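> Give me coordinates for this.
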Amino acid sequence: MIEKARDGMKELAREIPRDDVALYKTLTVFVDPIDGTKEFVIGKGDQCSVCVGFADSDGRAVAGVVYRPLTEPPTWAAGAKSEGYFDSVLNDAETKPQKGLLTSNGSISPFLVALMEELGMDRVPSGGAGNKMLMLLEGRGTAYIQDRGVSRWDTCGAQACIEAS
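Numbering: from 1, shown residues only. Below you'll find the model as predicted:
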């Protein structure tokens, strides 16, 4: 799989115009090599992901890849809405929750507790922002609200994938 991805990147690199240097200067790359670090440390590696996102000069997510290497089989999504591109290998849920709110594994805010109660939603705990966004694509939850501190390296790649799907 890695060799196939590498060959694909080499092919894509041949297609990228070399004379448009200004284009590359407007992109910001966000990389999170272990999204879900806490889960990784406590032995929940299947909830960890590698997130790579590209944002334009206005900070909007324009392309991304989220890779969950420790699931069996490994799962991933890649997307760039402006290019009309989305591809993935996901582990789709057999039974999809009707009202599942993806949350962190730990404690959740009073806001989320009240929201779930008011909307009649069930809590679906899991770790890692990239993992939770892949879970949305797999149908393992219907919503994900991050109401506490999160960094752009956690969300940029996943946001691009969801918008492209």
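> residue ranges with poor pLDDT in the chain?
1-2, 4-6, 8-9, 12-13, 15-23 (pLDDT under 70).
> Please, which helix or strand holds residue 78?
strand 75-80 (DSSP states H and E).
> If you count contacts, what does that strand end up packed against?
Helices and strands touching strand 75-80, by 3 or more C-beta pairs under 8 Å, 6 or more residues apart in numbering; DSSP states H and E, are strand 61-68, strand 85-89, helix 129-138, helix 152-164. Heads up, the C-betas are built off the backbone N, CA and C, glycines and all.
> again, only this time at 6 Å
In this structure, strand 75-80 packs against strand 61-68, strand 85-89, helix 152-164, with contacts taken as 3 or more C-beta pairs under 6 Å, 6 or more residues apart in numbering; DSSP states H and E.
> Mind checking those for the one nearest to residue 53?
Nearest of the helices and strands packed on strand 75-80 to residue 53, taken as C-beta to C-beta: helix 152-164 at 2.7 Å.
> Provide the contact partners of that closest one at residue level.
Contacts of helix 152-164 from elsewhere in the structure, counted by C-beta atoms under 6 Å, 6 or more residues apart in numbering, are 30, 32, 35, 51-53, 55, 61, 63-66, 77, 79-81, 86, 129-130, 133.
> Same check on stretch 109-126?
By C-beta under 6 Å, 6+ apart, stretch 109-126 touches 47, 99-103, 105, 132, 141, 147.
> can you state the direction angle for the strand holding residue 78 and helix 152-164?
80 degrees (axes from the mean of the first three to the mean of the last three C-alpha atoms, to 10 degrees).
> quick one: buried residues of strand 75-80?
Of the residues in strand 75-80, 75-80 count as buried by neighbour count, 16 or more other C-beta atoms under 10 Å.
> Let's have those in JSON lines, adding distance to residue 160.
Shown next, in JSON lines, are the buried residues of strand 75-80 (distance: C-beta to C-beta, whole Å):
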{"residue": "75", "distance to residue 160": "17"}
{"residue": "76", "distance to residue 160": "13"}
{"residue": "77", "distance to residue 160": "9"}
{"residue": "78", "distance to residue 160": "9"}
{"residue": "79", "distance to residue 160": "5"}
{"residue": "80", "distance to residue 160": "6"}
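> Which of the residues you listed sits closest to residue 94?
After measuring the buried residues of strand 75-80 against residue 94 - C-beta to C-beta - the closest member comes out as residue 75, at 15.0 Å.
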